[in-house]
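J.: turn this into a structure:
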Amino acid sequence: MSGSGHAGKTVHPDNDKPAPVVVPAAQPATLEPSTRAALDRLVGMESLLRAAAGLTVAAVIVLALYFGRELLVPIALAAFLGFLLDPLVTRLKRLGLPRTVAAIFVTVAAVAIIAGVAAYMLSQMRALSADLPTYQGSIRSKLVELRQQLKAPSDWDGALSTLRVVSKEIEQVDEPPRPTQTVVIADPETGPVRTAALWMERIGGPAVTAGIVLLFVVLILIDRDGLRDRILRVMGGGNLHVATDALSEAGTRIGRYLRMQLIVNATYGVPLALGLFLIGVPGAFLWGAFAIVLRFVPYLGPVLCAVFPLLLAFAVDPGWSMVIWTLGLIVMLEVVSNNIIEPWLYGASTGLSPLSIIIAAMFWTTLWGPVGLILSTPLTVCLLVLGRHLPGLSFFETMLGSEPVLDVPNRLYQRLLAGNVIDATELATDAIDGYAAQYEGADATADAVVEFYDAVAIPTLRLASANHTAAATAQHRLQFTTGMAELLQEIQDEWPVRAGDDDARRGARIHCLGARWEVDALAAQMVAHALGLHGLDVRITALVGGRVTASGMERLRPGDVVCICAFHPAPQALLRQISRRVRRLQKDVRVIAMPLALVGQLDDQAHLGLTVDECAGTVREIARRLTLAMQASGDAATEGVPAQPARREPVHAGFEIDDALCERHRDLVRQVADAFDVAHAQISWRDGGELAVSGSTLVVAGEGAVARLPETETACRLVLASGAPVVIEDVLRDPRVAELPAFLRHRIRFYAGVPLRRADAGVVGSLCIMDTQPGRLDDSELALLTSMADRLSSTLDAS
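T.: Down below sits the predicted model:
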């Protein structure tokens, strides 16, 4: 085997064998400085080239939409009408009709209804046109009156007359007389053939388009499943999950928009017809029907359905009272519809922002004319859904969506960077008020503030810490820290710790320390405020770093708690140093570390490497730990006091849990566990001081028996007590459930439970999911779990 190992051998000249060829090792290629600089410039232009390529593709697509409108408009109209008619076809198919017959029947019925409505409107318009000559006198008198009013002398007549005279004198120019031109008026050939040709020219194009649309509608309705599969294949490639979600969301949003638009139009058109009838405007119900139909056309439709009744009121009434009453009715209906009914009914029906709806209407009208204006909202909703589910088109969701593109921590961070403390304070108070609506009881305010600190304020500090040297300038850092300090002061003033509680506070004193930086001190202020709202005795040492001395902080007493907040990315050495210095001042203290930069990286052994007693990752976690410790100390202080007789909770379930019910519930919990991809799910019911488990993948009862657990030894007690969903992302970080025997035995790390209710008894049980790894639920998943619990409760109410 030859190789590089032979290259170093000595070759004797008397050897008959040819000397091996020695190949020198390859050297790395070197580039000329000019070539390297050109490559660097090319790499720097990558983003610009991507933007240029995107703009080129967008321009090509827009041109294709514009020049291909003769083909694309009928297809778009047919798809829109097919979407509207498909539910009726599906319903008829379920009744037993073949899909082809159902599609043709629905299409013919829709055409007949449209023709009937059009015939009714034409008959009404014909009747109105026959009556219009009788209103000529009224129209003439009003026009004469208006002309007289316009020609009446005014205070500006002198100035206008002078301006006209001066303008004529300046523009007057001597021009040679022009030769007289002879004009010959030739009568066009008029005859039946010419008239028929003109009419065919006028209606031929729309008639052909309507025929093509009807043909496409029938084909779409007949081959709905095949067309849907092809769209899924094109959109999703190999990922049917994304394509299915996108198609389903588009259909849901467009359907909801059309239903809400119909309701809004009806709430406008029906009162308009009744009002015009009472006022005396002819054809009142015709104008009401026109309003319902025309208001499907954005922006232009409301104007048209208001103009016709006003013109008719102007023509009919010899005076001005009918015009004034009609105008007042229209203005009142517009105000009520735009400010009350539409915000109430629409909500997030389309997910489009108001500005994007206006821009979309202008864009599609420019491309496709009136049809584009009608279809602008459904087409833009499709673009929004594509942007939400396809990463390459995510800019559509950013530009068109109504949801904020920045989450609350990023928005707060941006306001503070800009020095806009007023907007930041408004953002914070709105967030706290929103969280407060989710809580009940005496600690609702404290829980809301803690939720704000954990969900918004601490992540904002984390952003500032991450960008401290990477992107922020000295001015940015100064504006952020001063702005956050002002914001915290505003929060503490708005939600103060009750002044009369100092003497009533129990338990050890708590000292909150900032480890090194200003953001650490700000976090310590947040923790201190949250603990104070929970009735704990708190002291703050703002910024100590390694300078923990007896003079630098309030005197420590045995049994006190020291909480150290740190945003350092590698805080181990710093926390060990501070912990050692704290213990030099007082050995008998409880040290809790909050390494806030290590979010999601803490476990039950994290404190061992930091020489502290405990680690906490959130403000809520440390508040729960210390509150429970205070309650435990209070319970120990009351030992020896005669206990009051325990009040046994009544049985609330109100139904019998038999073997058949347990079998159904066992099947259900397996389905729930599979849907949420967790290890366990459970259904339990309150029965006195116990929970009767009718279905569980975790608890297995004996043959023919229902498993029972003490309510105090389960996390479901939190759901039963609050009557609201409870999500614990990491069981080991929550002192309320960290020591539960069942969780320790089965190594449960994640819990989420929702209440089960009965109409006559309130909260009677819980449906929960559990896993052996920490996790979380987003809003849609929590809503799904809640809906499953509601369906389970409804089956019990029905039985």
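J.: ok, longest helix in the protein?
T.: As assigned by DSSP state H, the longest helix anywhere in the chain is helix 240-279.
J.: in it, what counts as buried?
T.: 242-243, 246-247, 249-251, 253-254, 256-258, 260-261, 264-265, 267-269, 271-273, 275-276, 279 (16 or more other CB atoms under 10 Å). The C-beta positions use only the backbone N, C-alpha and C, and glycine is treated the same way.
J.: again with stretch 456-476
T.: Applying 16+ other CB under 10 Å to stretch 456-476 flags 456-465, 468, 472, 476 as buried.
J.: quick one on the thing from earlier: what residues sit buried inside the next helix or strand after the longest helix of the chain?
T.: Beyond helix 240-279 in the direction of the C-terminus, DSSP states H and E gives the next helix or strand as helix 284-294. Within helix 284-294, the residues that count as buried by 16+ other CB under 10 Å are 284-292, 294.
J.: how about the residue nearest to Val371 when sequence neighbours are not counted, what does it touch?
T.: Leaving out its chain neighbours, the residue that sits closest to Val371 by CB to CB, 6 or more residues apart in numbering is Val73, at 5.3 Å. Contact analysis of Val73 by CB atoms under 8 Å, 6 or more residues apart in numbering lists 209, 368, 371-372.
J.: can you name the two of those that sit furthest apart?
T.: The most widely separated members of these, counting by CB to CB, are Thr209 and Gly372 (13.8 Å).
J.: who's more crowded, those two?
T.: Gly372 (22 against 15; other CB atoms under 10 Å).
J.: leaving out chain neighbours, which residue sits closest to that one?
T.: Nearest one to Gly372, counting by CB to CB, 6+ apart, is Trp364 at 3.5 Å.
J.: now for the one you found: which residues touch it?
T.: Applying CB under 8 Å, 6+ apart, the residues near Trp364 are 372-373, 375-376, 379-380.
J.: helices - which of these land there?
T.: Checking those against DSSP H, those in helices are 372-373, 375-376, 379-380.
J.: closest one of those to Ser47?
T.: The nearest one, if we look at those relative to Ser47 and count by CB to CB, is Thr380, at 27.1 Å.
J.: right, and the helix or strand after the host helix or strand of His511?
T.: Following DSSP H and E, one finds His511 within strand 510-514. Sequence-wise, the next helix or strand downstream of strand 510-514 (DSSP H and E) is helix 518-533.
J.: other residues contacting that next one?
T.: 445-446, 449-450, 453, 457-458, 461, 464-465, 468, 481, 484-485, 488, 491-492, 495, 497, 510, 512-514, 538-543, 563, 565-567, 594, 596, 619, 622-623, 626.
J.: swap in stretch 446-459?
T.: 408-409, 412, 428, 431-433, 435-436, 438-439, 488, 491, 495, 523, 526-527, 529-530, 533-534, 596, 618-620, 623.
J.: go again with 7 Å.
T.: 408-409, 412, 428, 431-432, 435-436, 439, 495, 523, 526, 530, 533-534, 596, 618-620, 623 (CB atoms under 7 Å, 6 or more residues apart in numbering).
J.: which of these fall within helices?
T.: 408-409, 412, 428, 431-432, 435-436, 523, 526, 530, 533, 619-620, 623.
J.: coming back round to it: now distance to Leu327 too, for the contacts of Val73, in a markdown table please.
T.: A markdown table is the format used below for these (distance: CB to CB, whole Å):
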| residue | distance to Leu327 |
| --- | --- |
| Thr209 | 37 |
| Trp368 | 33 |
| Val371 | 31 |
| Gly372 | 31 |
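J.: lowest-confidence one in the residues you listed?
T.: The lowest pLDDT within these belongs to Thr209, which sits at 81.
J.: after the host helix or strand of that residue comes which helix or strand?
T.: For Thr209, the host element (DSSP H and E) is helix 192-222. Of the helices and strands lying after helix 192-222 in sequence (DSSP H and E), the nearest is helix 224-236.
J.: now that following helix against helix 240-279, angle please.
T.: 120 degrees (axes from the mean of the first three to the mean of the last three CA atoms, to 10 degrees).
J.: tabulate the CA atom coordinates of helix 224-236 in PDB.
T.: Included here for helix 224-236 are C-alpha records, laid out as PDB according to Å, rounded to 0.1, in the frame of the first residue of the first chain:
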ATOM      1  CA  ARG A 224     -64.500  20.000  -4.800                       C
ATOM      2  CA  ASP A 225     -62.500  17.100  -3.200                       C
ATOM      3  CA  GLY A 226     -60.100  16.700  -6.100                       C
ATOM      4  CA  LEU A 227     -59.500  20.400  -6.300                       C
ATOM      5  CA  ARG A 228     -58.900  20.600  -2.600                       C
ATOM      6  CA  ASP A 229     -56.400  17.800  -2.700                       C
ATOM      7  CA  ARG A 230     -54.500  19.500  -5.600                       C
ATOM      8  CA  ILE A 231     -54.400  22.800  -3.600                       C
ATOM      9  CA  LEU A 232     -53.100  20.900  -0.600                       C
ATOM     10  CA  ARG A 233     -50.400  19.300  -2.700                       C
ATOM     11  CA  VAL A 234     -49.300  22.500  -4.200                       C
ATOM     12  CA  MET A 235     -49.300  24.500  -0.900                       C
ATOM     13  CA  GLY A 236     -47.900  21.900   1.400                       C
END
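J.: tell me where this structure has strands.
T.: For the chain, applying DSSP state E gives strands covering 510-514, 538-541, 561-566, 590-595, 614-615, 680-687, 690-696, 707-710, 726-728, 750-758, 762-771.
J.: for the contacts of Trp364, which one is nearest Arg580?
T.: Thr380 (62.2 Å).
J.: next, count neighbours for the nearest residue to the closest one once chain neighbours are set aside.
T.: Beyond its immediate neighbours in the sequence, the residue positioned closest to Thr380 (CB to CB, 6+ apart) is Ala360, lying 4.0 Å away. By other CB under 10 Å, the residues close to Ala360 number 24.
J.: show me this structure divided up by domain.
T.: 57-129+196-222, 240-349, 406-496, 505-634, 659-798 (automatic domain parsing).
J.: any idea which of those scores lowest on pLDDT?
T.: The lowest average pLDDT among the domains of the chain, as it happens, falls on domain 505-634, at a mean of 77.
J.: check the gap between Pro571 and Leu626 for me.
T.: 21 Å (CB to CB, to the nearest Å).
J.: Ala675 too?
T.: Distance from Ala675 to Leu626, by CB to CB: 37 Å.
J.: try Leu352
T.: Applying CB to CB to Leu352 and Leu626 gives a distance of 47 Å.
J.: how many neighbours does the nearest residue to Thr712 once chain neighbours are set aside have?
T.: Once flanking residues are discounted, Thr712 sits nearest to Gly689: 7.6 Å by CB to CB, 6+ apart. For Gly689, the neighbour count with other CB under 10 Å is 12.
J.: use 54 as the first number for this chain going forward.
T.: Got it, first residue is 54 now, which makes that one Gly742.
J.: over to Gly742: give its phi and psi.
T.: Backbone torsions for Gly742, taken as degrees, to the nearest 10, come to phi -90, psi 10.
J.: correct me, but it touches Glu764?
T.: Yes - at 5.5 Å, Gly742 and Glu764 qualify as touching, with contact defined as CB atoms under 7 Å.
J.: any idea how far the most centrally placed residue in the chain lies from Gly341?
T.: Centroid check for the chain by CA atoms, centre = their mean gives Glu456 as the closest residue, at 4.7 Å. Distance, Glu456 to Gly341, by CB to CB: 36 Å.
J.: likewise for Ile511?
T.: Taking CB to CB, one finds Ile511 at 56 Å from Gly341.
J.: next: Ala525.
T.: Distance from Ala525 to Gly341, by CB to CB: 61 Å.
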